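here are the coordinates; sequence isn't available:
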């Protein structure tokens, strides 16, 4: 099973904004995706409601990760001391209850439900694990509007903006360069 941070990113990336491709187009595809990652049993079947819960969780996570680009500020410019509750994400996670199980090692979060909802609750538990590891602010989505791919920011100062400097970073910088050139050229020729 992938690390909690990688699992959250993989789940968010089941929808590729750039190509408008959804890896979860049906309940059967959701069940297969969860089973392939060891989150659900191969025979677990998903229904339309399970798919709705999954898509809502995925897009709520994407929105939450979008806010991780300005350390110390929330999207409305207010101070973010890390204690602010994200109501949309909290609501999405409320639908996937987990319980604390004490073991001889570290306590773990286990799903209350079985089947596909239990598997989705394992993703909710991964969100909590990412928080507990102090990695939550490092999970981001690419700032390139046509991309929005989720990634783990491994930069020392948490300043990475793009999933890939070669692709998305280059696109953004090229557009900015062209806009500057256009304004320079436009201002010289009335």
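Sure thing, it's come through. Just so it is clear, the model here is predicted, and its values are computed rather than measured.

give the rounded mean pLDDT of stretch 127-142.
Stretch 127-142 comes out with an average pLDDT of 94.

can you give me the end-to-end distance of it?
19 Å (Cα to Cα, to the nearest Å).

same question, stretch 94-114
End-to-end distance for stretch 94-114: 16 Å, by Cα to Cα.

got it, and stretch 135-153?
From its first residue to its last, stretch 135-153 covers 9 Å (Cα to Cα).

numbering from 48 from now on, please.
Renumbered: residue one is now 48, and that last one reads stretch 182-200.

starting at the chain centroid, how far to it?
7 Å (Cα atoms, centre = their mean, to the nearest Å).

list the buried residues for that stretch?
Using 16 or more other Cβ atoms under 10 Å as the burial criterion, the residues of stretch 182-200 that qualify are 182-191, 194-198, 200. Every C-beta, even on glycine, is put in place using the N, C-alpha and C of the backbone.

need the helices for the protein, in chain order.
Per DSSP state H, the chain has helices spanning 51-59, 74-83, 95-113, 134-141, 162-179, 217-235. These are given in chain order.

lowest average confidence, helix or strand, in the chain?
Ranking every helix and strand in the chain by mean pLDDT, DSSP states H and E puts helix 217-235 at the bottom, with a mean of 66.

what about residue 205, distance to residue 160?
Between residue 205 and residue 160 the computed distance is 34 Å (Cβ to Cβ, to the nearest Å).

can you verify my assumption that residue 98 contacts residue 70?
No: in this structure, residue 98 is not within contact of residue 70 by Cβ atoms under 8 Å, at 11.9 Å.

those two: which is more packed in?
Here residue 98 and residue 70 are compared on neighbour count by other Cβ atoms under 10 Å; more neighbours surround residue 98, at 19 against 15.

tell me which residues touch that one, please.
Counting by Cβ atoms under 8 Å, 6 or more residues apart in numbering, residue 98 touches 71, 73-74, 77.

look at it and report its pLDDT.
As summarised for this prediction, residue 98 has a pLDDT of 98.
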